[in-house]
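Q: A structural model of the following input is requested.
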Amino acid sequence: MLELLEQLNPQFERVFRERVAMTELTRLSLQASDKEALVVTNKAVYHLKKKFLGFGCLRAPLEGLQEVSRVDNYLQIVQKQGPELRVFFSPSKQELLPRLIKHLKALIN
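A: Prediction:
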């Protein structure tokens, strides 16, 4: 489980800290690729993505998650309401996807 708790790149860490509530506890954090990171807290999943001008952060509440799966090199998270999250995982991180999916499915059920 410790392999699913990584230190994020400093820019991603800053963006996450700016958007997360102080009451949320980090369960796992992964730097999925150079341009994307995933953080799961006790309340939500955060998809952090480096964009052309700055960073984006999508938040999906855990109670709103419907399905989690792997599609090619991506982790796909479908919400009951709201946008679908697709997180790209670099080749060096893809071996973590099965454990990550198992962990997220346990949170959904």
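Q: my guess is Leu48 contacts Gly56. True?
A: Yes: between Leu48 and Gly56 there is a contact at 7.3 Å, judged by CB atoms under 8 Å. C-beta coordinates here come from the backbone N, C-alpha and C atoms, glycine included.
Q: more neighbours, the two?
A: Between Leu48 and Gly56, counted using other CB atoms under 10 Å, the more crowded position is Leu48 (26 against 12).
Q: for the nearest residue to the more buried one once chain neighbours are set aside, pull up the helix or strand it's in.
A: Spatially, and ignoring its direct neighbours in sequence, Leu48 is nearest to Ala37 (4.3 Å; CB to CB, 6 or more residues apart in numbering). Using DSSP states H and E, Ala37 falls within strand 36-41.
Q: what is that strand packed up against?
A: Counting contacts by 3 or more CB pairs under 8 Å, 6 or more residues apart in numbering; DSSP states H and E, strand 36-41 is packed against helix 10-19, strand 26-30, strand 44-51, strand 85-88, helix 97-108.
Q: and of those, who's closest to Val68?
A: Closest approach to Val68 among the helices and strands packed on strand 36-41 (CB to CB): helix 97-108, 4.4 Å.
Q: in that closest one, what's buried?
A: Neighbour-count burial for helix 97-108, counted by 16 or more other CB atoms under 10 Å, picks out 97, 100-101, 104.
Q: next one: stretch 81-94
A: Within stretch 81-94, the residues scored as buried using 16+ other CB under 10 Å are 85-87, 89, 93.
Q: same question, stretch 17-34
A: By 16+ other CB under 10 Å, the buried positions in stretch 17-34 come out as 19-20, 27-33.
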